[in-house]
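**Q** fold the following and give me the result.
(one chain, ligands or ions: 3)
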Amino acid sequence: MIDLREALRVYFIMGSTNCVKNPADVLSEAISGGITLFQFREKGEGAFTGSEKYALAHKLQTICREHHIPFIVNDDIELAVAIDADGVHIGQEDETVKTVRAKIGADKILGVSVHSTEEALTAIRDGANYFGIGPVFPTKTKADAKPSRGTTLIEKLRKDGCETPIVGIGGITIENAASVIEAGADGVSVITAISKADSPLEAARALRNSVILKGMVES
Ligand SMILES: Cc1ncc(COP(=O)(O)OP(=O)(O)O)c(N)n1
Ligand SMILES: Cc1ncsc1CCOP(=O)(O)O
Ligand SMILES: [Mg+2]
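**A** Numbering: from 1, shown residues only. Ligands and ions are numbered 1, 2, ... in the order given. Sure thing, here's the model as predicted:
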């Protein structure tokens with residue numbers, strides 16, 4: 001059984017539309033740099049569907065397995081079940097937390113995007129294992145993202161005694177990652193900061209150093 005809080009430290013999210021280079025190479029480099037969790041998010045203009053999407057998922061999952069990095073699928077529960085992914089991530093506009101938990105079973109990781117205390121309480125009740133909270137900072141990656149709200153909700157949930165693992169998401173960079181941990185998150189999830197970096201390896205390494213050093217100071 002994995003330690004979820006540890007796994008969430010440097011959470012890399014990516015699909016083919018986020019990459020300039022070959023996605024398998026980007027993922028391999030990111031793993032060498034020290035990412036701790038991976039989410040396959042095949043979305044946006046030009047994204048693969050059907051058998052091409054399945055093939056890419058399988059290729060990236062194989063790389064993750066070789067390196068013992070848990071593999072999470074975004075949105076597509078049928079794909080996650082078909083390839084026996086380690087978990088799924090869903091938002092408030094996706095299938096309900098209850099339905100998804102029933103489909104994937106008790107042992108899989110279920111991440112849920114939440115934007116309020118009410119959504120967080122419902123997600124916990126229905127079987128969420130961690131929260132994705134954001135956009136923390138402005139992002140160009142998700143066209144339908146809500147306006148960025150800084151770390152206010154992360155801080156509020158912690159102040160109110162919430163112990164569920166949390167990752168911040170949206171516009172997170174090497175420079176601002178530590179502030180998200182300082183607010184109470186267990187980790188950071190990033191797309192652009194690694195997928196579009198000249199060196200995904202160096203970007204992942206710098207993010208890891210920043211998050212892990214800050215985590216040591218906070219605990
Ligand atoms: C870790 C993490 N947090 C939040 C999200 C966003 O999920 P959602 O709101 O469902 O938006 P899409 O990613 O599906 O466009 C995430 N994917 N991962
Ligand atoms: C999927 C998602 N959910 C909220 S913001 C976001 C996009 C994050 O991408 P980036 O790290 O490039 O800002
Ligand atoms: Mg979603």
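
**Q** quick check: end-to-end length of stretch 40-49?
**A** 13 Å (Cα to Cα, to the nearest Å).

**Q** so for that stretch, mean pLDDT?
**A** Averaging pLDDT along stretch 40-49 gives 96.

**Q** and that stretch, what's buried?
**A** Judged by neighbour count using 16 or more other Cβ atoms under 10 Å, the buried positions of stretch 40-49 are F40, R41, E42, K43, F48. C-betas here are computed from N, CA, C, even on glycine.

**Q** so the last one makes contact with P23?
**A** No. Checked against Cβ atoms under 8 Å, the pair F48 and P23 is beyond contact range at 9.9 Å.

**Q** now, the most widely separated pair of the buried residues of stretch 40-49?
**A** R41 and F48 (11.7 Å; Cβ to Cβ).

**Q** returning to what we had before: identify the contacts common to F48 and P23.
**A** Taking Cβ atoms under 8 Å, 6 or more residues apart in numbering as the contact rule, F48 and P23 both touch G15, S16, L56.

**Q** how about the residues of the protein near ligand 3?
**A** D75, G91, D94 (Cβ under 5 Å from the ion).

**Q** these into a markdown table, with extra columns for distance to V180 and neighbour count?
**A** Formatted as a markdown table, these follow (distance: Cβ to Cβ, whole Å; neighbours: other Cβ atoms under 10 Å):
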| residue | distance to V180 | neighbour count |
| --- | --- | --- |
| D75 | 23 | 18 |
| G91 | 19 | 17 |
| D94 | 23 | 17 |
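
**Q** closest one to ligand 1 out of those residues, please.
**A** G91 (2.1 Å; Cβ to the nearest ligand atom).

**Q** tell me the contacts of that closest one?
**A** G91 neighbours (Cβ under 8 Å, 6+ apart): D75, V112, S113, G132.

**Q** how does it look with 7 Å?
**A** G91 sits next to S113 when contact means Cβ atoms under 7 Å, 6 or more residues apart in numbering.

**Q** can I assume F12 sits in a helix?
**A** No. F12 is assigned strand when assessed by DSSP: H, G, I helix; E, B strand; the rest coil, not a helix.

**Q** give the bridge partners for it, please.
**A** F38, V190 (DSSP bridges).

**Q** residues from this protein in reach of ligand 2?
**A** Counting by Cβ under 6 Å from any ligand atom, the chain comes close to ligand 2 at 134-135, 139, 141-142, 145, 169-172, 190-193.

**Q** just to revisit the earlier point, tell me, which of the residues of the chain next to ligand 3 make contact with ligand 1?
**A** Applying Cβ under 6 Å from any ligand atom to the residues of the chain next to ligand 3, those adjacent to ligand 1 are D75, G91, D94.

**Q** so L37 sits against E6, correct?
**A** No. Using Cβ atoms under 7 Å as the test, L37 is too far from E6 to be in contact (9.3 Å).
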